[in-house]
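Student: Quick one, what's the 3D model for this:
(chains A, B and C)
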Amino acid sequence: MNEIIGYIFIVVGLAFDIFGCIGLLRLPDVYNRLQATTKCVTLGTSSILLGTIVIKGLAATSIKAFLCIIFLVLTSPVAAHALSRGAHISGVKLWGKSVCDKYAEDKKSKNREE
Amino acid sequence: MKSKIILFIIGFIIWMLLGWPPNLQHALAGIFAAGFVAALTGDMFTRRPHRFINPSRYLWFGYYVFLFLWECLKANIDVALRVVNPKLPINPGIVKVKTTLKSDTALTFLANSITLTPGTFCIDIKPESGILYIHWINVESDDLDKATKLIVDKFEKVLKRVFE
Amino acid sequence: MIKFKYLRWCLGLFGISAILLFITLYPIPSLLMWQSPVLARCFFILALCFAFCLLRIMLGPTPADRAVAVDTLGILIVGFCAILSIPTGRDWYIDIAIAWALQSFIGALALAKYLEGRGFDE
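Tutor: Residues are numbered from 1 along each chain as shown, chains lettered A, B, ... in the order given. Below is the predicted model of the structure:
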């Protein structure tokens, strides 16, 4: 019974992983790609680790997997945040049909004051 | 000094969990390692250590975890539906929102939870003026107050009780 | 132009579902088959995700796209190690997963710093 619940968790996680990777291929610019991957891949991998915990039961492996989930959820948004900030500073433009870009406007006005 | 003791306790607990079947030799090595780290970097860990004692903060933190998991699940289903749709219904842009939180930990948790909730993604923070720049996959309004009400409000109330 | 977009979408849907059906139905001769036929297929689905990330690294028009794909690949490998620990019954694969998550995070921060155009010693 435990094994079947664990396999269900693993298959759901794999489905989210595939959606994230299709988003990495389909969406038009860096920021939209980061939206898709950092949400879907983080929850998908956490779900795979949760399936491992359910299958193994209470053992040393499941405690380590739980620590790995906490670490992943804390660090993956921080890495995505740093990458997007670096991309904006290095001069990657937004997609052509985007609505507004307040960040670039603020940076330009700050440069003019100086 | 209190900050060093708190860091020592947290580091020792994580050390014991990572090598789970506990024995005496492992615990001795853990005391040395956690003590070394706490003596070197303990002062940077927290500025107001009395906040770790208050029990109601832990209850609010549990409520925050459940709220966060529910929003995260909604975000994933939203992104998956957008990605497989043949019309690709996105309308992206970068908007500006304002927050009243002050401490560094609260701002970090706010940015992380904004990143993992439906359609929004934090790009930059200015901590002195409390302004966040957010990439929104489907912009509903580029006005500052309206965007603040739509994005930040649901987490801000809970995080104010946990970390401030 | 719009017709071409829908044609491309249909082609992609057909290709991905054909690959998934092939993975699920074809009898895979695998070393891990003796314990569970489900997990032996999970590896190949994850390999499809790896292939998408590698394609983005190859195609990506700017360096930022490649950095994002490398970060995603690092998180996927953590899941790969977690699945690998179930049929083999070896606990130390989870240790590899934790260490890989750590080094992937630090690598992503270094790539972000390179994108900002600053030196590593600032």
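Student: Enumerate the positions of stretch A:26-38 that are buried.
Tutor: Within stretch A:26-38, the residues scored as buried using 16 or more other CB atoms under 10 Å in any protein chain shown are A:R26, A:L27, A:D29, A:V30, A:Y31, A:N32, A:R33, A:L34, A:Q35, A:A36, A:T37, A:T38. C-beta here means a position set from N, CA and C on the backbone, and glycine is covered the same way.
Student: Do I have it right that the fifth one meets B:C122?
Tutor: No - shown here, A:Y31 and B:C122 do not form a contact pair, counting by CB atoms under 8 Å, at 11.2 Å.
Student: Find residues that contact each of these two.
Tutor: Taking CB atoms under 8 Å, 6 or more residues apart in numbering or on different chains as the criterion, A:Y31 and B:C122 both touch B:H135.
Student: For chain B, which residues score under the pLDDT cut-off?
Tutor: B:49 (pLDDT under 70).
Student: For the residue nearest the centre of it, what is the enclosing helix or strand?
Tutor: Per CA atoms, centre = their mean, the C-alpha nearest to the average position across chain B is that of B:F109, at 2.0 Å. Assigned by DSSP states H and E, B:F109 belongs to helix B:104-115.
Student: Is any residue of that helix near chain C?
Tutor: No - using CB under 8 Å from any CB of the partner chain, helix B:104-115 stays clear of chain C, with a minimum separation of 13.4 Å.
Student: Contacts made by that helix with the rest, please.
Tutor: A:38, A:74, A:77-78, A:80-81, B:68, B:71, B:99, B:101, B:120-122, B:125, B:127, B:132, B:134, B:151-152, B:155-156, B:159-160, B:162-164.
Student: Any buried residues in the biggest helix by length in chain A, and which?
Tutor: Taking DSSP state H as the criterion, chain A has its longest helix at helix A:60-89. Residues A:61-65, A:67-69, A:71-73, A:75-88 are the ones in helix A:60-89 that count as buried (16+ other CB under 10 Å).
Student: tell me how far the ends of stretch B:15-35 are from each other?
Tutor: One end of stretch B:15-35 sits 12 Å from the other (CA to CA, to the nearest Å).
Student: Just the buried positions in that stretch, please.
Tutor: In stretch B:15-35, the ones that count as buried by 16+ other CB under 10 Å are B:W15, B:G19, B:G30, B:A34.
Student: ok now that stretch, how far from the chain's centre?
Tutor: Distance of stretch B:15-35 from the chain centroid (CA atoms, centre = their mean, to the nearest Å) equals 28 Å.
Student: Does that stretch reach chain A?
Tutor: Yes - using CB under 8 Å from any CB, stretch B:15-35 reaches chain A at B:L17, B:L18, B:G19, B:W20, B:P21.
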